[in-house]
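A.B. asks: A predicted structure for the sequence below; I have some questions about it.
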Amino acid sequence: MSCGKKEKKQEEGFTYQKVKDESTEVFNEQDGVVTIIISGNDQMQFDKSEIKVPSGKTVKLTLRHNGKMGANVMGHNFVLLKQGVNVAGFGRKAASARDNQFIPKDSENDVIAYTKVIGGGETTTITFKTPKAGSYDYICSFPGHYALMKGKFIVE
Ligand code: ZN
């Protein structure tokens with residue numbers, strides 16, 4: 001009996017079994033919460049162009065700005081758009097929404113989740129439920145960034 005108990009304890013120790021090693025599956029899942037870390041830099045780039053998550057989970061997404069430039073000149077956010085939203089159209093409108101974290105007030109229904117805008121050295125975290133299975137666009141909506149800072153958020 002004591003032997004069986006010991007085995008179970010060992011199994012419980014391996015909580016990182018579910019970490020995927022494929023480069024596109026960049027999450028760590030524990031207790032139904034999927035943790036994602038995405039970084040931006042001073043070269044106007046995200047470090048990921050595709051994020052895959054399972055459906056029916058809670059996503060805890062951390063955005064890091066690995067650069068040195070301030071939020072006023074090289075600000076980054078993470079904006080997850082609903083399906084069917086025109087990325088370029090949203091990006092153009094967002095450019096004039098500086099007072100609302102570059103989320104156009106009349107387009108808030110186009111957005112599933114977004115972080116605030118951060119500058120070099122800063123980090124911000126949001127939590128949201130994964131939308132239904134499918135492919136979604138994410139962008140940085142800081143003026144002029146959406147053309148380069150974009151990717152696919154895939155719910156499987
Ligand atoms: Zn940006």
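C.D. replies: Great, that's in hand.

A.B. asks: Only C-alpha atoms from now on, for both contacts and neighbour counts.
C.D. replies: OK.

A.B. asks: who touches stretch 102-119?
C.D. replies: Stretch 102-119 is touched from outside by 63, 65, 67-72, 74-82, 85, 90, 93-97, 101, 124-126, 128, 131, 141-143, with contacts defined as Cα atoms under 8 Å, 6 or more residues apart in numbering.

A.B. asks: Filter those residues down to just the buried residues.
C.D. replies: 63, 65, 67, 69-71, 74-82, 90, 93-95, 97, 101, 131, 141-143 (16 or more other Cα atoms under 10 Å).

A.B. asks: picking up where we left off before, show me which of the contacts of stretch 102-119 neighbour the ion.
C.D. replies: Among these, proximity to the ion is found for His76 (Cα under 5 Å from the ion).

A.B. asks: In helices, which of the contacts of stretch 102-119 appear?
C.D. replies: Counting by DSSP state H, those place Ala71, Asn72, Met74, Phe90, Lys93, Ala94 in helices.

A.B. asks: Quick one: name the residues of this structure near the ion.
C.D. replies: His76, Cys140.

A.B. asks: now Thr62, nearest residue through space, not along the chain?
C.D. replies: Thr125 (4.2 Å; Cα to Cα, 6 or more residues apart in numbering).

A.B. asks: how about low-confidence regions in this protein?
C.D. replies: 1-27 (pLDDT under 70).

A.B. asks: so where do the strands sit in it?
C.D. replies: Using DSSP state E, the strands of the chain run over 27-30, 33-40, 50-53, 58-65, 79-81, 111-114, 123-129, 134-139, 150-155.

A.B. asks: Right, I'll call it a day here.
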